[in-house]
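Novice: Could you look at this predicted model? Sequence included:
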Amino acid sequence: MKTALITGASHGIGKAIAECLASHGIRLFLNCHSSKEELTAYAIHLTENYQVPCTPLVYDISDHEQVHAMFNEIHAMHETVDFLINNAGVSHIGLLQDMNIQDWNRVINTNLTSVFSCCKYAIPDMLGKKEGKIINISSMWGLSGASCEVAYSASKGGLNLFTQALAKELAPSNIQVNAVACGVIDTRMNACFDAEEREELENEIPAGRFAAPGEVAEFVYQLITAPAYLTGQVIPFDGGYL
């Protein structure tokens, strides 16, 4: 049985990815920072419904030492990671000159540094097997940048180049690294829009709607099962927005 670690798995895209992978018989480690009760209940739900082991891991992955501790817990169970889904992310909306350094560091550490930390400790597992998949959940704003979301755009732009560079580094070891550059997904990160703003935004998207988290999840599964020659790609998933 293959094993996946999903960060930010208590809600939104990460939660949908967890259900999708569980439905395909993949053993799961589910990470979140603070929603321990919610994550634990969801892990039990997935185990009962899909008969696959699901283990909640409550760690702040913006902290490198906590990531190290998380992987120590995984390895203490004599488990290794076949698929790493770097999904956890936070946003910050506002003018750059009004942003403080604490908020900047929170965005960069959660969206980008955490990916470094998780990859650092997952790669040895994959090297030992001569196979593995790393999938990074990025954003279309990492491709073009968004006004009033400078830190978020910078973190996702860095993530996209991280993906391409690491893919080249790991390709000789048969480990694939790809990213999904999401457009507007119907999650709580986008719950800030009122009805009028949502309608205006939907009208800007050629597909005419927000994507459901489950659609991202299905695409992530397609990347997991894709031929090994697919690596180093940052794939837009934005309904034609960009």
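Specialist: In hand now; what should we look at?

Novice: Spit out the contact partners of the residue nearest to Leu28 when sequence neighbours are not counted.
Specialist: Nearest non-adjacent residue to Leu28, counting by CB to CB, 6 or more residues apart in numbering: Cys54, 4.4 Å away. Every residue, glycine included, has its C-beta placed from N, CA and C. By CB atoms under 8 Å, 6 or more residues apart in numbering, Cys54 lies in contact with 18, 22, 27-30, 42-44, 46-47.

Novice: next structured bit after the lengthiest helix in the chain?
Specialist: Longest helix in the chain by number of residues (criterion: DSSP state H): helix 150-170. Tracing the chain past helix 150-170, the next element assigned as helix or strand by DSSP states H and E is strand 175-182.

Novice: so what strands line up beside that next one?
Specialist: When pairing is defined by DSSP bridges, strand 175-182 lines up against strand 132-139 (parallel), strand 234-237 (parallel).

Novice: mind saving the C-alpha coords of the very next helix or strand once past that strand as CSV?
Specialist: Following strand 175-182 in sequence order, the next helix or strand is helix 195-204 (DSSP H and E). Taking C-alpha atoms only, helix 195-204 is exported to CSV below (Å, rounded to 0.1, in the frame of the first residue of the first chain):
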residue,chain,number,x,y,z
ALA,A,195,-22.1,37.9,-3.4
GLU,A,196,-21.6,40.8,-5.7
GLU,A,197,-17.8,40.4,-5.7
ARG,A,198,-18.1,36.7,-6.3
GLU,A,199,-20.4,37.3,-9.3
GLU,A,200,-17.9,39.8,-10.8
LEU,A,201,-15.0,37.4,-10.3
GLU,A,202,-17.0,34.5,-11.9
ASN,A,203,-17.7,36.7,-14.9
GLU,A,204,-13.9,37.2,-15.3
